[in-house]
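>>> One predicted model, sequence on top.
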Amino acid sequence: MIDKIQELLAEVDQLQAANAGELEALRIKYLSKKGAINELMADFRHVPAEQKKEVGMRLNELKTKAQDKISALKEQFENTDTGTDDIDLTRTAYPVKLGTRHPLSIVKNEIIDIFARLGFSIAEGPEIEDDWHVFSSLNFAEDHPARDMQDTFFIEANPDVVLRTHTSSVQTRVMEKTQPPIRIICPGRVYRNEAISYRAHCFFHQVEALYVAENVSFTDLKQVLLLFAKEMFGAETQIRLRPSYFPFTEPSAEMDISCNICGGKGCPFCKYTGWVEILGCGMVDPNVLESCGIDSKVYSGYALGMGIERITNLKYQVKDLRLFSENDIRFLKEFEAAN
Ligand code: DAH
């Protein structure tokens, strides 16, 4: 019996386990009810009385050693365990929920896409502008009443610095630096000093388009407008141009499209006229070309500008402008399908 105990003591001393499974097998082999140590305990009663003391001591020593060894293994094993037994690294990850694009971005991208197909490239300018780019270069005379058309945010300390009221300022930024042919589209945010309500906001978004080259005529403008309207609102869409006034274009016009909600029959949205206004446009005034260093005897051009909120309202019937800047997730989620 003593020999057997010695043998087991040596074995226990050498025990190793690579993972939780192996360790449990060792525990069963040595320490379970039917394990090697319990078997020896069961034989203890056959040990002659004079040896009982020594064998008993040895048996207890073996049991304690086995228990200590197994818990030591367990501890060391738990500390270094990377958890690979419990985590299935091959399982597919949880799907990451992506957000949705903002409706104004969806529409802006659509507008850019249509014009990009016609060869227009994107140009950008600063939102904090100077008087020259927002007004003077665009033919607004110093005391021209047209400056009152837009309620401007001026910086009190320096009235020459303004928040741009329209993206037309990017026209002159580009024309100052580039000679024709110029074919650009300028999306961006603009600011006006308006009380916030369901139909007005102190900031909104516009897209400006400008084409300057030799022999550009009003016909070119009309053709691009028609194509844009049909691409944006459907092939059945009709346009009409009404004479208008902007300091930077001559002649100027405003464009209506046949109401895309009632198809032109008349509804509350188009105030029963069958038409809804969507943008301003015209031939670039020669004064604007000249103020940017472009020879107006050689070159001509057309320009147009539209509000992205307005186009979005028409496409998606958003009744309250304020929804666009509140970031209410329920509102934004409604555009998931359009993404
Ligand atoms: N800048 C004008 C506005 O903010 C829109 C506009 C009208 C732009 C006519 C143009 C244009 O380029 O030709 O209301």
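Sure thing, it's come through.

>>> if you go through this protein in chain order, where are the strands?
Counting by DSSP state E, the chain has these strands, from start to end: 121-122, 128-130, 154-155, 158-163, 182-191, 203-213, 239-246, 249-258, 275-284, 300-307.

>>> Which other helices and strands does the fifth one contact?
Contact here means 3 or more C-beta pairs under 8 Å, 6 or more residues apart in numbering; DSSP states H and E; on that basis strand 182-191 packs against helix 103-117, strand 121-122, helix 168-177, strand 203-213. Using the backbone N, CA and C atoms, a C-beta is placed for each residue, glycine as well.

>>> The strands of the chain into a markdown table, with extra columns for distance to Ala141 and mean pLDDT?
Shown next, in a markdown table, are the strands of the chain (distance: least, C-beta to C-beta, whole Å; pLDDT from 0 to 100):
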| stretch | distance to Ala141 | mean pLDDT |
| --- | --- | --- |
| strand 121-122 | 31 | 97 |
| strand 128-130 | 17 | 94 |
| strand 154-155 | 18 | 81 |
| strand 158-163 | 16 | 87 |
| strand 182-191 | 21 | 97 |
| strand 203-213 | 21 | 97 |
| strand 239-246 | 14 | 96 |
| strand 249-258 | 14 | 97 |
| strand 275-284 | 17 | 97 |
| strand 300-307 | 19 | 98 |
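
>>> Same list (the ones you listed) but as CSV, adding distance to the ligand and mean neighbour count.
Converted to CSV, these look like this (distance: least, C-beta to the nearest ligand atom, whole Å; neighbours: other C-beta atoms under 10 Å):
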stretch, distance to the ligand, mean neighbour count
strand 121-122, 16, 12
strand 128-130, 13, 16
strand 154-155, 17, 12
strand 158-163, 13, 14
strand 182-191, 7, 21
strand 203-213, 5, 22
strand 239-246, 4, 15
strand 249-258, 4, 20
strand 275-284, 3, 22
strand 300-307, 2, 23
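
>>> where does this structure come near the ligand, residue by residue?
Contact residues (C-beta under 6 Å from any ligand atom) of the chain with the ligand: 166, 168, 208, 246, 249, 280-282, 303-305.

>>> The closest residue to His166 other than its chain neighbours pairs with what?
Spatial nearest neighbour of His166, chain neighbours left out: Val190 (5.5 Å); criterion: C-beta to C-beta, 6 or more residues apart in numbering. Going by DSSP bridges, Val190 is paired in beta bridges with Phe204.

>>> which one of the strands of the chain lies closest to Phe233?
Across the strands of the chain, Phe233 has its closest neighbour in strand 249-258 (5.9 Å, C-beta to C-beta).

>>> re earlier: was I right to think the residue nearest to His166 contacts Val170?
No: using C-beta atoms under 8 Å, Val190 is not in contact with Val170, being 10.5 Å away.

>>> quick one, phi psi at the residue in the stretch 51-200 of the chain positioned nearest to the ligand?
Across the stretch 51-200 of the chain, the shortest distance to the ligand (C-beta to the nearest ligand atom) belongs to His166, at 3.3 Å. Main-chain torsions, His166, degrees, to the nearest 10: phi -160, psi 160.

>>> Just to check, it is in contact with Gln206?
Yes: His166 lies in contact with Gln206 (C-beta under 8 Å); the separation is 6.1 Å.

>>> what sits in contact with each of the two?
Taking C-beta atoms under 8 Å, 6 or more residues apart in numbering as the contact rule, His166 and Gln206 both touch 190, 305.

>>> Val55: what's it in contact with?
Neighbouring residues of Val55 by C-beta under 8 Å, 6+ apart: 1-2, 5, 44, 47.

>>> Flag the shaky bits of the stretch 51-200 of the chain, pLDDT-wise.
77-85, 145-150 (pLDDT under 70).

>>> Centroid-wise, who is the farthest residue in this protein?
Largest separation from the mean C-alpha position in the chain: Glu50, at 86.5 Å (C-alpha atoms, centre = their mean).

>>> Return the distance of it relative to the ligand.
113 Å (C-beta to the nearest ligand atom, to the nearest Å).

>>> Gln317 too?
Counting by C-beta to the nearest ligand atom, the separation of Gln317 from the ligand is 22 Å.

>>> my guess is that residue contacts Ile261, does it?
Yes: using C-beta under 8 Å, Gln317 makes contact with Ile261 at a distance of 7.0 Å.

>>> Which one of these two is surrounded by more residues?
For the pair Gln317 and Ile261, the greater number of neighbours falls to Ile261 (13 against 10), based on other C-beta atoms under 10 Å.
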